[in-house]
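Colleague: below are the sequence and a predicted model for it; my questions follow.
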Amino acid sequence: MLTRHMRGWISPFRQGRLKPGISPHLSFVFLLVAGIASADSPPPAAADLDFLKLPGGMFGVVENRPGMPVVSVAVYFPVGRSNEPSAGLARILAKCCVRGTVKRDATALYEDTAKLGAEFYADTGYRMSFIGMEGPAVNMAAMVGLVLELAFRPALTDESAQTERTFALGAVERQEDFTSLLFQRKVLQRMWPLHPISLPSYGSGASVKAVRAEDIRNLHRDVFLPSRCSVIVTGRASPDDVRVAVESAYIKLNLADLSAAGRELQPASLPEMPVGRRVRFKKQGSQAEVFAGCAVPAMKPAEEAAVDLLNEILTGFNGRLFISLRRRYGYVYYAMPVKIFTGDFGLWGIQTGTKPANAEEVERIIFRELETVSREGVTDEEMRTAKATLETRQRRAASEAGGSAAILAEYVARDWPVMSVRERTLVINSVTAEDVRAMAERLYNKGQLNVVISK
């Protein structure tokens with residue numbers, strides 16, 4: 001078992017291989033859900049993390065929470081929008097994996113899952129695909145075996161491929177029903193046309209229709225290998241019990257024959273960082289939407305923590321933009337931060353919905369507040385309030401086994417040392433008011449913001 005001091009031994013998803021080594025940057029960690037404990041309050045209760053070397057080169061992370069009655073078991077593979085052969089293929093593969101295995105058809109799979117009192121899930125992100133289950137902690141070993149069976153021994157039939165293609169096409173059509181998310185997608189498309197970050201995980205209509213069952217099976221053969229798998233277990237589960245469960249399933253499923261190196265998938269190249277663009281487009285409906293923001297290069301996690309605090313100070317329930325745009329003038333229906341960071345680059349900004357006649361005035365107020373923060377900074381009270389709010393969100397996300405597993409998986413996918421809730425709060429606790437002011441200045445950078453308006 002790896003000790004907590006060997007935290008740098010993580011799975012670099014970008015290479016798709018596990019490479020042991022001690023990281024010199026243990027003080028930094030990407031915060032998927034930012035949180036902070038106040039300086040004079042006790043740190044949040046958090047389980048220790050244990051790191052396991054598992055059969056076949058699998059990498060394990062166990063967050064044992066003895067007081068939690070449930071457990072989440074999930075496996076992660078380094079394939080997603082950033083490196084899949086065609087848009088939407090990785091998600092279709094992940095979904096097909098839970099349509100039945102070589103040992104159990106779909107009916108038997110659902111029945112056996114129900115007997116465990118569990119639920120399974122599968123999906124894809126920008127860098128990774130995952131398959132998992134959540135259920136009673138007493139059934140952890142059986143859940144580990146079933147998850148590994150779903151991941152490594154799926155049936156991947158022509159019928160399941162057709163079913164998931166149909167569902168994916170439906171998702172493409174339904175995106176029109178969510179106007180704020182659709183607008184965000186259009187912003188990405190205008191910032192980075194044709195780059196994978198601008199595409200949803202389910203792909204486009206054309207790319208989904210082109211997917212063949214053989215494409216799905218080939219991707220599975222190339223990537224879903226033990227040597228490229230991270231196993232993350234959170235909840236009431238000891239590392240020793242997890243190790244035994246994985247080793248037992250590895251033998252029972254005869255996974256030793258999956259030792260091939262597979263095919264390396266090349267990630268998308270870094271796009272240009274657009275600045276000062278101004279885009280308008282017409283849309284149907286009565287609501288206009290405004291985005292003002294910028295492309296950002298890779299940030300250290302401490303810097304991202306400063307971004308999270310700035311977002312809360314600007315758009316939180318008592319934030320500056322909430323007060324000036326909604327309470328004072330009644331200009332917007334909503335105001336929310338946009339933070340889409342991939343690890344290599346990302347998009348930050350403010351997105352609002354308003355009446356068409358107010359769009360330009362809303363844009364002016366967003367610029368004014370950003371300029372004010374970048375010039376004058378934020379108050380100690382704003383920092384305390386923002387940190388308290390983010391601490392609550394951090395605790396809430398970590399209190400659920402599945403949510404905690406997702407946070408840990410994001411660290412693995414982005415090549416950051418994996419840290420507990422307690423350690424993550426220490427990172428954000430180091431952020432000062434001056435750090436937030438400097439981040440606002442960096443993001444605002446007068447004349448460099450991109451603006452997208454639809455009305």
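Modeller: Structure's in. What do you need? Just so we're clear, the structure is a prediction, and the values are computed from it rather than from any experiment.
Colleague: and stretch 427-438, which residues are buried?
Modeller: For stretch 427-438, burial by neighbour count (16 or more other Cβ atoms under 10 Å) applies to 427-429, 431, 433, 435-437. (Each C-beta comes from the backbone N, C-alpha and C, glycine too.)
Colleague: now swap in stretch 99-113 and tell me
Modeller: Taking 16+ other Cβ under 10 Å as the criterion, stretch 99-113 shows 99-101, 104, 106, 109, 113 as buried.
Colleague: ditto for stretch 293-312
Modeller: Neighbour-count burial for stretch 293-312, counted by 16+ other Cβ under 10 Å, picks out 293-296, 299, 301-312.
Colleague: which other residues reach stretch 305-321?
Modeller: 31, 34, 36, 299, 322, 335-337, 339, 348, 350, 352, 365-366, 369-370, 372-373, 378, 382-383, 385-387, 389-390, 427-428, 430-431, 435-436, 438-440, 443 (Cβ atoms under 8 Å, 6 or more residues apart in numbering).
Colleague: again, only this time at 6 Å
Modeller: Taking contacts as Cβ atoms under 6 Å, 6 or more residues apart in numbering, the residues outside stretch 305-321 that touch it are 31, 34, 335-337, 369, 378, 382, 386, 389, 427-428, 431, 435-436, 439-440.
Colleague: cool, and stretch 65-78?
Modeller: Residues from elsewhere that reach stretch 65-78, judged by Cβ under 6 Å, 6+ apart: 13, 16, 47, 128-134, 137, 140, 143-144, 147, 151, 223-224, 228-237, 401-402, 405, 409.
Colleague: end to end, how far does that stretch reach?
Modeller: Distance between the two ends of stretch 65-78: 27 Å, counting by Cα to Cα, to the nearest Å.
Colleague: with stretch 79-90 instead?
Modeller: Stretch 79-90 has an end-to-end distance of 7 Å (Cα to Cα).
Colleague: how about that stretch: buried residues?
Modeller: Those would be 79-84, 86-90, for stretch 79-90 by 16+ other Cβ under 10 Å.
Colleague: and for stretch 281-295?
Modeller: Neighbour-count burial for stretch 281-295, counted by 16+ other Cβ under 10 Å, picks out 287-295.
Colleague: try stretch 326-341
Modeller: Quick answer for stretch 326-341 (16+ other Cβ under 10 Å): 326, 331-332, 335-341.
Colleague: mark which of those residues are part of strands, please.
Modeller: Secondary structure assignment by DSSP state E places 332, 335-341 of the buried residues of stretch 326-341 in strands.
Colleague: okay, those in a markdown table with distance to S204 and pLDDT next?
Modeller: Formatted as a markdown table, those follow (distance: Cβ to Cβ, whole Å; pLDDT from 0 to 100):
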| residue | distance to S204 | pLDDT |
| --- | --- | --- |
| V332 | 31 | 82 |
| A335 | 30 | 86 |
| M336 | 26 | 91 |
| P337 | 27 | 93 |
| V338 | 22 | 93 |
| K339 | 24 | 92 |
| I340 | 18 | 89 |
| F341 | 23 | 87 |
